[in-house]
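> turn this into a structure:
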Amino acid sequence: LIIIIILIDAFLAETKTEFILKSGLLIGIAVISFLLIRSVFREILAREKIARISEDLKAANTKLKEINEAKSEFVSLVSHQFRTPLTSIKGLTSMLMENFWGPLNEEQKKSLMQIYSSEERLLALIENLLDVTRIEAGKEAFNLRPLGLLEIAKGVVQEMAPQAEAKGLYLHLAEQKEPVPPVNADSLKIRQVMQNLIENAIKYTPKGGISVSIKKE
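Residues are numbered from 1 along each chain as shown. You can find the predicted model right below:
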């Protein structure tokens with residue numbers, strides 16, 4: 001509309017100079033208009049391209065989520081399938097170690113202790129895999145309640161003593177110098193933390209042994 005008005009105005013110019021000035025103004029506005037329209041079209045095309053890329057990314061993200069869910073389901077299924085027979089084997093091994101079917105010699109006890117330790121590590125690994133799948137699925141839940149850490153530590157030390165003995169190390173719970181107040185925690189998770197710490201201590205202690213203590217700090 002502006003261009004049409006200036007064009008009419010230019011033809012109605014009374015002098016040559018006025019016609020040239022108005023024609024120049026007309027050309028300038030026409031060029032600016034062309035650049036502006038071209039810029040708008042480019043922006044529209046860019047937005048359409050971004051929208052297509054966004055849709056492609058959404059589709060790819062959906063596919064990745066499906067693959068991740070399938071992977072988590074697979075890991076969970078396999079872990080459960082492994083855990084059931086391992087638990088049975090561990091129970092039978094424990095019964096053998098307790099002389100349920102008759103006395104054993106030292107060599108047999110030593111071999112069974114190694115089997116038992118291997119079963120413990122495999123079960124811990126499977127539990128870790130299940131924890132990962134639960135965390136990824138957003139299903140990880142904590143059962144928080146007041147706990148006595150000393151009692152949990154006693155149980156863990158007793159369970160892991162055979163591992164330390166097999167390596168020629170001592171493992172004991174140090175005498176408490178002061179009472180330990182109860183803490184609000186998940187007993188299974190805290191027990192797992194203690195097991196990991198003590199297992200690492202056994203693994204990386206070349207000689208001597210491990211003294212476990214609990215204190216308020």
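> pull the longest helix from the protein.
Counting residues, the longest helix in the chain under DSSP state H turns out to be helix 16-97.
> tell me how far the helix or strand following that one lies from the chain's centre.
Beyond helix 16-97 in the direction of the C-terminus, DSSP states H and E gives the next helix or strand as helix 106-136. Averaging C-alpha coordinates over helix 106-136 and over its chain gives two centres that are 22 Å apart (CA atoms, centre = their mean, to the nearest Å).
> for the helix or strand that helix 106-136 is followed by, buried residues please.
Counting by DSSP H and E, the next helix or strand C-terminal to helix 106-136 is strand 144-147. Neighbour counts over strand 144-147 (16 or more other CB atoms under 10 Å) mark residue 147 as buried. All C-beta atoms are positioned from the backbone trio N, CA, C, and that covers glycine.
> residue 117: what's its closest spatial neighbour, skipping adjacent residues?
Take residue 117 and drop its neighbours on the chain: the residue closest to it by CB to CB, 6 or more residues apart in numbering is residue 163, 5.0 Å away.
> can you tell me how far the one you found sits from residue 56?
Between residue 163 and residue 56 the computed distance is 52 Å (CB to CB, to the nearest Å).
> looking at those two, which is more packed in?
In this comparison of residue 163 against residue 56, neighbours counted by other CB atoms under 10 Å, the higher total goes to residue 163 at 20 against 10.
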